[in-house]
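Asker: Return atomic coordinates for the entry below.
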Amino acid sequence: MADHPSGTGAAAASDIPSLDRLLNAEALRPALDAHGRTQVVAALRRDLDALRRRALDGGLARSELDAAAVAARTSAALDQAAQPRLRAVYNLTGTVLHTNLGRALLPDEAVASVLRALTSPANLEFDLDTGGRGDRDDLIDDLLCELTGAEAATVVNNNAAAVLLMLNALADRREVVVSRGELVEIGGAFRIPDIMKRAGAKLVEIGTTNRTHAADYETAIGPRTAMLMKVHCSNYAVTGFTKSVGIADVAALAHARGLPATVDLGSGTLVDLTQFGLPKEDTVRETIAAGADLVTFSGDKLLGGPQAGLLVGRADLIRKIKKNPLKRALRVGKLTLAALEPVLSLYRAPEFLAERLTTLRLLTRPLRDIQPQAERLRGALAHAAGPGYAVEAVPMFSQIGSGALPVDQLPSYGLAVRYAGSGRPGRHLDKLETLLRRLPVPVIGRIADDALWLDLRCLEARDEAAFAGQLAEPLA
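Answerer: The predicted structure is shown next:
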């Protein structure tokens with residue numbers, strides 16, 4: 001039996017081969033071996049339905065009914081459907097901790113630990129010393145206490161969860177005093193007033209947007225007050241005629257009334273960043289030492305680890321938080337803990353952090369490495385983009401991202417692509433940006449000021465050859 005109909009010209013619906021005939025065709029064997037009969041049958045039925053509609057409209061060519069042509073379409077559709085939705089990309093946006101691109105990249109030690117946890121049973125909740133049931137927090141709380149100076153610690157799935165859990169455990173149906181200037185909204189419309197409401201706490205705003213005084217906290221304290229809370233203004237800065245109250249003073253006021261002082265530190269860092277030439281950011285240890293009874297912060301931002309929400313502070317408050325039913329709902333799994341422990345362990349040797357912690361290595365990458373890289377890659381991108389575009393290696397500024405140090409910039413270098421033709425450049429830059437996103441490993445940049453900007457801070461030397469290889473052929 002032939003694998004394709006004879007003749008040329010338009011095909012009728014009656015010329016379309018049957019499903020069984022196609023399944024027995026040799027041309028379909030690779031697709032069956034790769035994807036299995038169930039998926040191939042479903043894909044063939046979709047293709048045959050489309051062929052029948054086109055035949056009825058008089059627009060079906062006989063060549064499209066050849067078994068090889070059907071197999072090619074079927075394999076292409078199945079290969080496309082099999083592509084993972086979560087894919088690696090090149091982050092050339094200039095934002096190191098890009099929320100939409102996964103924030104912190106894990107160091108090699110964390111990757112190896114996660115792989116072990118994926119492929120082997122682990123003592124997630126098993127005490128190897130006693131042989132009895134253990135607490136998964138035991139895997140990291142000693143490390144967290146050592147690095148922060150806190151009495152106790154626990155971990156949940158992100159910092160928003162940490163804040164929610166803290167408020168529900170300690171302030172349900174009671175009041176929480178917060179400066180109006182610290183009622184932040186972060187990405188995804190996460191707002192402090194909303195999270196307080198969901199936690200069952202009543203927000204008491206004090207001060208004004210730009211100025212809050214110690215007396216405002218003191219006046220707001222009443223019989224229903226559960227805590228005084230400070231929130232790190234992680235994604236904006238108020239400048240000019242401003243006044244805020246530091247955690248030491250807030251803690252003193254709280255403790256004088258027998259109340260806890262809590263801090264949502266947002267991104268959170270465990271080391272003084274100025275030693276690496278980065279802007280100053282309060283560390284968790286400094287915040288605890290200043291009198292904070294509880295501090296919440298993220299694991300996947302400045303810390304450089306997996307997505308997690310960390311709570312550290314007084315042992316009695318942590319115990320109460322861990323007894324809250326929400327703790328189980330918000331707890332992390334073994335993969336998060338497998339990644340978090342080795343990341344925290346790196347902080348025991350801060351002199352090696354800039355080399356071993358991926359986030360810090362990217363943040364401190366020197367211009368002497370980035371500028372020559374931009375000059376090396378300029379020609380490859382110009383070739384791929386084509387004569388309609390002009391590509392320059394130019395200085396630019398990166399940012400830390402994810403709400404960390406929002407007004408601080410990092411000198412960087414990269415490639416600026418401008419439309420070389422006449423007329424408005426927007427449509428042409430959008431086209432090029434789309435083509436870059438459709439590469440096997442998508443390239444993500446940003447369009448601003450009539451140019452497509454590709455900041456190379458996050459393109460490490462080990463990835464340069466593969467990146468350039470994608471540009472070997474013209475994009476259009």
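
Asker: quick one: what helix or strand has residue 412 in it?
Answerer: Under the criterion of DSSP states H and E, residue 412 resides in strand 404-419.

Asker: same check, this time on residue 254
Answerer: helix 247-256.

Asker: Surely residue 176 forms part of a strand?
Answerer: Yes. The assignment for residue 176 (DSSP: H, G, I helix; E, B strand; the rest coil) places it in a strand.

Asker: quick one on the thing from earlier: any buried residues in the helix holding residue 254, and which?
Answerer: Neighbour-count burial for helix 247-256, counted by 16 or more other CB atoms under 10 Å, picks out 247, 249, 250, 251, 252, 253, 254. Bear in mind the C-beta positions are built from the backbone N, C-alpha and C, glycine included.

Asker: and that helix, what other elements does it pack with?
Answerer: When contacts are defined as 3 or more CB pairs under 8 Å, 6 or more residues apart in numbering; DSSP states H and E, helix 247-256 sits against helix 214-220, strand 225-231, strand 261-264.

Asker: and these as JSON lines, adding mean pLDDT?
Answerer: Listed next are the helices and strands packed on helix 247-256 as JSON lines, based on pLDDT from 0 to 100:
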{"stretch": "helix 214-220", "mean pLDDT": "94"}
{"stretch": "strand 225-231", "mean pLDDT": "96"}
{"stretch": "strand 261-264", "mean pLDDT": "96"}
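
Asker: Rebuild these as CSV, extending it with mean neighbour count and distance to residue 385.
Answerer: Shown next, in CSV, are the helices and strands packed on helix 247-256 (neighbours: other CB atoms under 10 Å; distance: least, CB to CB, whole Å):
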stretch, mean neighbour count, distance to residue 385
helix 214-220, 16, 56
strand 225-231, 23, 44
strand 261-264, 27, 44
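
Asker: average pLDDT for the helix holding residue 254?
Answerer: Mean per-residue pLDDT for helix 247-256: 96.

Asker: Check stretch 148-164 too.
Answerer: Mean predicted confidence for stretch 148-164 is 96.

Asker: Looking at the buried residues of helix 247-256, which is nearest residue 223?
Answerer: When the buried residues of helix 247-256 are ranked by distance to residue 223 (CB to CB), residue 254 comes first, at 14.9 Å.

Asker: In this structure that closest one contacts residue 230, no?
Answerer: No. Residue 254 is beyond contact range of residue 230, at 10.2 Å (criterion: CB atoms under 8 Å).

Asker: Could you name every residue contacting both of the two?
Answerer: Common neighbours of residue 254 and residue 230 are listed as residue 261 (criterion: CB atoms under 8 Å, 6 or more residues apart in numbering).

Asker: one step back: go ahead and produce PDB holding the CA coordinates of the helix holding residue 254.
Answerer: The C-alpha coordinates for helix 247-256 follow below in PDB (Å, rounded to 0.1, in the frame of the first residue of the first chain):
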ATOM      1  CA  ILE A 247      14.100  50.200  65.500                       C
ATOM      2  CA  ALA A 248      16.100  50.900  68.600                       C
ATOM      3  CA  ASP A 249      13.700  53.600  69.700                       C
ATOM      4  CA  VAL A 250      10.700  51.700  68.600                       C
ATOM      5  CA  ALA A 251      11.900  48.700  70.600                       C
ATOM      6  CA  ALA A 252      12.500  50.700  73.700                       C
ATOM      7  CA  LEU A 253       8.900  52.100  73.500                       C
ATOM      8  CA  ALA A 254       7.500  48.600  73.000                       C
ATOM      9  CA  HIS A 255       9.500  47.000  75.800                       C
ATOM     10  CA  ALA A 256       8.500  49.700  78.200                       C
END
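
Asker: Let me know which of the helices and strands packed on helix 247-256 is the nearest to residue 108.
Answerer: Here strand 261-264 is closest among the helices and strands packed on helix 247-256 (CB to CB), at 31.0 Å.

Asker: List just the nearest of the buried residues of helix 247-256 to residue 412.
Answerer: residue 247 (32.8 Å).

Asker: mind checking how far the nearest residue to that closest one once chain neighbours are set aside is from residue 475?
Answerer: Using CB to CB, 6 or more residues apart in numbering and skipping the chain neighbours, the partner closest in space to residue 247 is residue 290 (4.6 Å). According to CB to CB, to the nearest Å, residue 290 and residue 475 sit 53 Å apart.

Asker: And the lowest mean pLDDT element among the helices and strands of the chain?
Answerer: Lowest on mean pLDDT, DSSP states H and E among the helices and strands of the chain sits strand 185-186, with a mean of 70.

Asker: what distance separates the following helix or strand past it from the centre of its chain?
Answerer: Next in sequence after strand 185-186, counting helices and strands by DSSP H and E, comes strand 190-191. Distance of strand 190-191 from its chain centroid, counting by CA atoms, centre = their mean, to the nearest Å, is 17 Å.

Asker: again, but for stretch 134-149
Answerer: 24 Å.

Asker: Endpoint to endpoint, it covers what distance?
Answerer: Length of stretch 134-149, first residue to last, CA to CA, to the nearest Å: 23 Å.

Asker: what's the residue closest to the geometric middle of the protein?
Answerer: Taking CA atoms, centre = their mean, the centroid of the chain lies closest to residue 102, which sits 2.0 Å from it.

Asker: still on that earlier bit, what mean pLDDT does the strand holding residue 412 have?
Answerer: Per-residue scores along strand 404-419 average to 84.

Asker: Return the set of buried residues in the next helix or strand after that strand.
Answerer: Per DSSP H and E, strand 404-419 leads on to helix 426-437 as the next helix or strand towards the C-terminus. For helix 426-437, the neighbour count (16+ other CB under 10 Å) marks 428, 429, 432, 433, 435, 436 as buried.

Asker: Backbone dihedrals for the closest residue to residue 55 other than its chain neighbours, please?
Answerer: Leaving aside its sequence neighbours, residue 55 sits nearest to residue 13 (CB to CB, 6+ apart; 4.2 Å). Main-chain torsions, residue 13, degrees, to the nearest 10: phi -60, psi -30.

Asker: give me every residue that touches residue 13.
Answerer: 52, 55, 56.

Asker: Can you name the helix or strand that the second one falls in?
Answerer: Assigned by DSSP H and E, residue 55 falls within helix 37-56.

Asker: Quick one: list the elements packing against that helix.
Answerer: Under the contact rule (3+ CB pairs under 8 Å, 6+ apart), helix 37-56 is packed against helix 19-23, helix 29-35, helix 67-82.

Asker: so what strands line up beside the helix or strand following the last one?
Answerer: By that I understand helix 67-82. The C-terminal neighbour of helix 67-82 among helices and strands, as given by DSSP H and E, is strand 90-91. Strand 90-91 has the following strand partners under DSSP bridges: strand 443-444 (parallel).

Asker: thought residue 291 was touching residue 248?
Answerer: Yes. Residue 291 lies in contact with residue 248 (CB under 8 Å); the separation is 5.4 Å.

Asker: Show the pLDDT at the residue nearest to the centre of the chain.
Answerer: On the pLDDT scale, residue 102 is placed at 94.

Asker: what sits against it?
Answerer: Applying CB under 8 Å, 6+ apart, no residues contact residue 102.
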